[in-house]
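Undergrad: coords please:
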Amino acid sequence: MLSYWRLHKYPILLVIGSMLFYASFAYDLHRTDYIKLLTLFCGLFFFCYKIIQFEKWNFKFLLVAGILFRLIFFIAEPNLSQDFYRFIWDGELIKNGINPYLHTPNQLMEQSNFSIANADELYAGMGSIHAKHYSNYPPVNQLFFALASILGGGSMLGSIIALRLISILGDLGALYFGRKLLQKLNRPGHMAFWYFLNPLVIIELTGNLHFEGTMLFFFLWALYLFSCNKWWWAAPLYAISIMVKLVPILFLPILLKYLGLKKSATFYVLVGLGCIVLLLPFYSPSFLENYSDTVGLWFSNFEFNAGIYNGIKKIAVHFYEAKPWELIKSYGTVVIKIMAIVILLLTFLRKNQNLQTLITSILLALSLYYFMSSTVHPWYIVFLLGIAILTEYRFPLVWSFAIVLSYQAYSNPDYKENLWLLAFEYILVMGIFIYEMTTKGSKKLYFPKN
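TA: Numbering: from 1, shown residues only. Okay, here's the model as predicted:
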């Protein structure tokens with residue numbers, strides 16, 4: 001034990017320091033205190049960098065450190081996002097036989113005979129935006145919510161702990177298949193720990209209970225099966241990944257060259273059938289209309305931490321007297337059309353028969369979507385980071401740090417954003433993106449000789 005301490009003294013001290021910072025983050029931070037939030041976040045990133053630098057070949061040390069950091073949050077109530085109230089609300093509805101896609105919380109609270117565990121607390125906590133809309137979380141996500149409510153036994157803390165355990169298991173799965181894929185790609189396995197030990201991942205997934213890590217787990221598992229030529233087994237996993245957070249739908253066309261025409265056609269059918277099977281328990285005549293309308297709001301109504309959109313809005317409002325509420329609706333439609341073109345170009349102009357090129361195409365597609373999107377919550381970057389560790393590109397890692405600038409909006413009651421901070425965030429990230437796209441090493445990776 002003494003010899004181990006001598007060999008690993010500094011990394012152990014860094015882990016202890018990180019645990020203290022995470023404890024302060026989990027139990028002694030209000031999201032309106034941005035200076036403290038920023039200080040803790042920056043400190044945790046520095047600790048993360050040094051721990052990986054010291055112990056990058058010590059798998060057990062890094063694994064245990066990542067688990068310990070997550071366990072710090074075990075009984076903490078999420079403090080950066082109120083979404084968990086809606087997660088538990090939807091889970092309680094399903095547990096009581098109520099379809100969360102058919103009734104808004106406002107509608108249900110108006111019913112005199114409506115009753116679920118902690119209804120008043122959940123309704124008040126979720127906020128007015130959630131309360132007036134149907135659920136926008138896909139079916140597999142809903143099943144996780146229901147499982148957490150069942151395991152929680154009507155207790156808020158019990159449901160939070162259950163959701164947290166699901167999140168931790170998702171991260172462990174993402175680490176496992178991330179390392180497997182890195183081995184297949186002949187890349188260093190320790191790169192997976194830039195995901196597993198990343199403060200953004202730990203804070204937003206384990207801490208605030210978002211499900212990007214669970215989506216990533218199923219997606220990486222499917223990619224690994226592709227690499228093993230077991231694409232038929234990958235289909236149900238890909239469908240589950242879609243039904244957790246929808247994002248993988250974007251990448252389906254990009255798989256065309258990798259699988260070939262016949263295999264990809266079969267794969268698309270299998271994925272489609274898998275999604276239908278997962279949707280069936282929630283289906284009703286009004287389901288599709290309610291769900292599509294709610295999801296459509298993300299393209300036409302909401303904005304947060306936007307990059308290109310903020311620049312366009314500033315110009316349109318200042319020089320052309322555009323109305324912001326009209327601009328965002330038309331902008332969302334334009335983004336969808338541009339992304340359709342981008343996906344087609346990536347599908348047919350790149351050599352996606354190669355696994356490394358395929359993964360890079362996926363990274364490109366998602367990056368461009370987030371650059372253009374009007375809503376980029378911090379936890380969205382987690383999936384991008386999970387893909388990036390499989391490539392040579394580091395701009396998503398920089399973004400996982402720079403995204404802390406967007407948290408400044410939480411310090412204001414009306415979530416008013418500081419556009420100077422957001423401009424710095426996007427100029428930094430997009431600058432590195434452009435640099436990496438134009439260096440010789442990147443060109444070699446992007447257009448491999450095969």
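Undergrad: Can you name the residues that contact the closest residue in space to Y410 that isn't next to it in sequence?
TA: Spatial nearest neighbour of Y410, excluding adjacent residues (Cβ to Cβ, 6 or more residues apart in numbering): R31 at 4.1 Å. Where C-beta positions appear, they are placed from N, C-alpha and C, glycine not excepted. Residues near R31 by Cβ atoms under 8 Å, 6 or more residues apart in numbering: L37, N79, L80, Y407, Y410, S411.
Undergrad: at 6 Å instead, please
TA: N79, L80, Y410 (Cβ atoms under 6 Å, 6 or more residues apart in numbering).
Undergrad: Contacts made by stretch 127-134 with the rest, please.
TA: Here stretch 127-134 has contacts from Q82, R86, Y101, T104, P105, N106, N290, T294, using Cβ under 6 Å, 6+ apart.
Undergrad: Please report phi then psi for the first one.
TA: So the one you mean is Q82. phi -100, psi 10 (degrees, to the nearest 10).
Undergrad: Also T375?
TA: Torsion angles, degrees, to the nearest 10, at T375: phi -130, psi 110.
Undergrad: Next, count neighbours for it.
TA: 18 (other Cβ atoms under 10 Å).
Undergrad: show me where pLDDT drops low in the stretch 201-350 of the chain?
TA: 298-300 (pLDDT under 70).
Undergrad: in it, which spans are helices?
TA: For the stretch 201-350 of the chain, applying DSSP state H, counting those that start in this stretch gives helices covering 212-227, 231-245, 256-259, 261-279, 287-300, 308-320, 324-349.
Undergrad: Can you lay out those as JSON lines showing mean neighbour count?
TA: Below are the helices of the stretch 201-350 of the chain laid out as JSON lines (neighbours: other Cβ atoms under 10 Å):
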{"stretch": "helix 212-227", "mean neighbour count": "25"}
{"stretch": "helix 231-245", "mean neighbour count": "23"}
{"stretch": "helix 256-259", "mean neighbour count": "19"}
{"stretch": "helix 261-279", "mean neighbour count": "16"}
{"stretch": "helix 287-300", "mean neighbour count": "15"}
{"stretch": "helix 308-320", "mean neighbour count": "14"}
{"stretch": "helix 324-349", "mean neighbour count": "14"}
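Undergrad: With respect to I389, which of the ones you listed lies nearest?
TA: Smallest distance to I389 across those (Cβ to Cβ): 10.0 Å, for helix 212-227.
Undergrad: how far out from the middle of the chain is the closest one?
TA: The chain centre lies 13 Å from the centre of helix 212-227; the measure is Cα atoms, centre = their mean, to the nearest Å.
Undergrad: same for it, what does it pack against?
TA: Using 3 or more Cβ pairs under 6 Å, 6 or more residues apart in numbering; DSSP states H and E, the elements in contact with helix 212-227 are helix 156-184, helix 231-245, helix 381-388.
Undergrad: so which of these is the most packed in?
TA: helix 381-388 (a mean of 25; mean count of other Cβ atoms under 10 Å).
Undergrad: Run the chain-centre distance for it.
TA: With Cα atoms, centre = their mean as the basis, helix 381-388 stands 7 Å off its chain's centre.
Undergrad: again with stretch 44-51
TA: For stretch 44-51, the distance to the chain centre is 21 Å (Cα atoms, centre = their mean).
Undergrad: and the nearest residue to P105 once chain neighbours are set aside, how many neighbours?
TA: Among residues not flanking P105 along the chain, A131 sits closest, at 4.4 Å (Cβ to Cβ, 6+ apart). When neighbours are defined as other Cβ under 10 Å, A131 has 19 of them.
Undergrad: any idea how far Q107 is from A131?
TA: Distance of A131 to Q107, computed by Cβ to Cβ, to the nearest Å: 10 Å.
Undergrad: again with P378
TA: 31 Å.
Undergrad: Compare these two (neighbour count), which wins?
TA: P378 (22 against 13).
Undergrad: I'd like the helices of the stretch 201-350 of the chain laid out as TSV, including distance to A124.
TA: Compiled in TSV, the helices of the stretch 201-350 of the chain are given as follows (distance: least, Cβ to Cβ, whole Å):
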stretch	distance to A124
helix 212-227	26
helix 231-245	26
helix 256-259	48
helix 261-279	31
helix 287-300	21
helix 308-320	31
helix 324-349	27
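Undergrad: Would you mind telling me which of the ones you listed is nearest I432?
TA: helix 308-320 (16.1 Å).
Undergrad: Give me the distance between the closest one and the centre of its chain.
TA: Centroid displacement of helix 308-320 relative to its chain, using Cα atoms, centre = their mean, is 28 Å.
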